[in-house]
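J.: Give me a model of this one.
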Amino acid sequence: MKKIILFTALLLISLVIYAAKPKQHYIRLLVNGNECIIRLYEETPKHRDNFLNLVKEGFYNGTLFHRVIKDFMIQGGDPESKDAAPGVLLGEGDLDYRIPAEFNDSLFHKKGVLAAARDNNLEKESSATQFYLVQGKRYTSKDLDRMETLKMDGRKFPQYQREIYQTLGGTPFLDQNYTVFGETVKGLELIDSIASLPTDSNDRPLQNQKMEFSLLKPIEVRKLEAELRGEDYKPNIFRRFLDLFVQ
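T.: Residues are numbered from 1 along each chain as shown. This is a model prediction of the structure:
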């Protein structure tokens, strides 16, 4: 009897371990049939949780990327952009709260990052809903040296960040001024395609860029993380069984 109880307890523990939700949160962004996948940073929990809640509510679905600047960023999340008439100036819509800034030296404005928009409040608190995805551009070492001298208030770019800004690109002058809280791990070309669109005098794309967000399911996360590691998703028999029930 004791052996049966012990076996049952071990089985239950194993089920809990295997069925546990992934530690990372990933969001799928769909725009006009194209998609990218964004990982939310655990180092910025206030922004992470706020964004997750809005995505789960379907808040963003049908809203537009209303401000697009090539070699800079694409911005969206204005609730007033949903069903907005062509040519209408957007960007003032929001909810009735802000999110405290969550700056982290290791999180920076490389190409593909997700960051929170904000107004000019002194605390640099973020908009509840508006965000941007960085396209940016590549910078030379001299460019970065000059930026450190003129715009960084004595801060220096760590060497690994300098290398990324010189190869992948980004918007380094925004570091520590706007909260970065996620990054695109798949589908960077979506950002490039939107950033290249024709726009009006207010930087709004002439053709509406409607967005739809969804949270990746645990099995999708496991497959994605295996892909990002350059591996095939090959679960054992026990994992396959759990995948049938834990979605």
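J.: Any regions of this protein where pLDDT drops low?
T.: 1-21, 236-247 (pLDDT under 70).
J.: what about the strands in it?
T.: For the chain, the strands defined by DSSP state E occupy 25-31, 34-40, 65-69, 73-76, 98-99, 113-116, 126-127, 131-134, 180-186, 211-215.
J.: To Ser106, which of the ones you listed lies closest?
T.: The stretch from these with the least distance to Ser106 (C-beta to C-beta) is strand 180-186; that distance is 9.7 Å. Glycine gets a C-beta too; all of them are placed from N, C-alpha and C.
J.: Just the CA trace of that closest one, in CSV.
T.: Extracted C-alpha coordinates of strand 180-186, given in CSV (Å, rounded to 0.1, in the frame of the first residue of the first chain):
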residue,chain,number,x,y,z
VAL,A,180,11.9,48.5,-23.1
PHE,A,181,9.9,45.4,-22.1
GLY,A,182,10.1,42.8,-24.9
GLU,A,183,11.8,41.8,-28.1
THR,A,184,10.9,40.3,-31.4
VAL,A,185,12.3,36.8,-31.6
LYS,A,186,10.8,35.8,-35.0
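J.: what's around the nearest residue to Glu125 once chain neighbours are set aside, how many residues?
T.: Of all residues not flanking Glu125 in the chain, Arg98 sits nearest, at 3.9 Å (C-beta to C-beta, 6 or more residues apart in numbering). Neighbours of Arg98 under the rule other C-beta atoms under 10 Å: 17.
J.: Check the contact between Arg98 and Thr129; I expect there is one.
T.: No. Contact criterion C-beta atoms under 8 Å: Arg98 and Thr129 do not qualify, at 10.5 Å.
J.: that older thread, tell me which residues form a beta bridge with the residue nearest to Glu125?
T.: Arg98 forms beta bridges with Ser127, as assigned by DSSP bridges.
J.: who's in contact with it?
T.: Applying C-beta atoms under 8 Å, 6 or more residues apart in numbering to Arg98 gives the contacts Arg118, Asn121, Glu125, Ser126, Ser127, Ala128.
J.: you'd agree Thr167 is up against Lys137?
T.: No. Applying C-beta under 8 Å, one finds Thr167 not in contact with Lys137, separated by 11.6 Å.
J.: on that earlier part again, select, from the contacts of Arg98, the two members most distant in space.
T.: The most distant members of the contacts of Arg98, if one measures by C-beta to C-beta, are Asn121 and Ala128, lying 12.6 Å apart.
J.: Which residue of the two possesses the greater neighbour count?
T.: Ala128 (18 against 10).
J.: so how far is Ser201 from the more buried one?
T.: 27 Å (C-beta to C-beta, to the nearest Å).
J.: what's the answer for Glu125, then?
T.: 29 Å.
J.: can you map out the helices along this protein?
T.: 2-19, 45-57, 141-151, 159-167, 188-195, 218-228, 237-243 (DSSP state H).
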